[in-house]
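Visitor: Could you look at this predicted model? Sequence included:
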Amino acid sequence: MKTTDNANGTTGVLIRRLNNLNTGERRTVFCAEHGIDFKTGASYNGVYYTPTNSNIRKACKVAYLGWYKNNGGYTVDGGILASDMKWVKWDYVFTQQYIWEILGQSNATFVKSDEQQGYIDFKNRINNEIADIEKRPSFNGSTITIVVKAEVTEVPAVQVAEVQAVKVPKVLRTKRKSLRKRTEDTIIEMADWGYADD
């Protein structure tokens with residue numbers, strides 16, 4: 001797939017994977033430095049870290065929502081170029097292009113009009129999903145007392161979705177499954193808990 005960045009070249013957006021030479025594990029990866037050569041077959045050492053830059057954090061959300069959420073179990077290889085893999089290839093290439101755009105490294109458009117429209121639709125979907133993730137629950141900034149005096153048989157979905165959006169200290173974290181079976185009196189105070197982006 002070619003963009004205005006590579007329209008005159010022999011290849012379009014490169015599809016990349018990382019191979020761990022020690023374990024043999026393979027992962028689909030994305031480039032965060034547009035235009036910087038990353039040699040095929042070369043060995044690189046890297047470290048995991050928690051990004052603090054807001055653009056890198058957004059790029060990570062795009063990588064998750066655009067690729068890993070739906071295709072995370074698939075490691076790209078030559079098979080992604082097959083005609084029946086078109087949508088998987090589009091997911092990868094659109095995710096890569098949007099990452100570069102967010103990082104301010106490329107504002108390219110796709111040469112083919114159907115691909116460009118697909119990219120616009122992709123970005124709109126991803127932006128809506130990011131906005132949903134970043135919504136604050138209705139009880140944000142409130143003090144909430146939760147009292148459980150009987151077995152909970154069903155937790156309304158809306159409340160569960162709102163609770164999942166709040167960062168709760170490890171001592172208060174529990175799985176929904178375990179909430180259904182608790183029968184003892186339990187009081188959990190949650191004062192001024194807000195949305196956390198990490």
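Guide: That came through fine.

Visitor: distance of the residue nearest to the spatial centre of the chain from residue 42?
Guide: The geometric centre of the chain, computed from its C-alpha atoms, lies nearest to residue 64 (C-alpha atoms, centre = their mean), at 2.0 Å. With distances taken as C-beta to C-beta, to the nearest Å, residue 64 is found 26 Å from residue 42. Just so you know, the C-beta spots here come from the backbone N, C-alpha and C atoms, and that holds for glycine as well.

Visitor: again, but for residue 145
Guide: Between residue 145 and residue 42 the distance is 57 Å, computed by C-beta to C-beta.

Visitor: Please apply the same query to residue 116.
Guide: Residue 116 is 33 Å from residue 42, where distance means C-beta to C-beta.

Visitor: Show me which of those two is the more surrounded one.
Guide: Neighbours were counted for residue 116 and for residue 42 using other C-beta atoms under 10 Å; residue 116 has more, 15 against 7.

Visitor: residues touching the more buried one, list them.
Guide: Applying C-beta atoms under 8 Å, 6 or more residues apart in numbering, we find residue 116 in contact with 109, 110.

Visitor: do the same with residue 62
Guide: So residue 62 contacts 95, 98, 99, 102, 126, 130 (C-beta under 8 Å, 6+ apart).

Visitor: Just the buried residues from those residues, in PyMOL please.
Guide: Command for PyMOL that selects the buried part of the contacts of residue 62, burial taken from 16 or more other C-beta atoms under 10 Å:
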select buried, resi 95+98+99+102+126
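
Visitor: Filter the contacts of residue 62 down to just the ones in helices.
Guide: Using DSSP state H, the subset of those located in helices is 95, 98, 99, 102, 126, 130.

Visitor: wait, what's in contact with the second one?
Guide: Meaning residue 98. 62, 66, 119, 122, 123, 126.

Visitor: Apply 7 Å and report the result again.
Guide: Shown in contact with residue 98 (C-beta atoms under 7 Å, 6 or more residues apart in numbering): 62, 66, 123, 126.

Visitor: Look up how far residue 29 lies from it.
Guide: 15 Å.

Visitor: Flag the shaky bits of this protein, pLDDT-wise.
Guide: The chain contains residues with pLDDT under 70 at 149-198.
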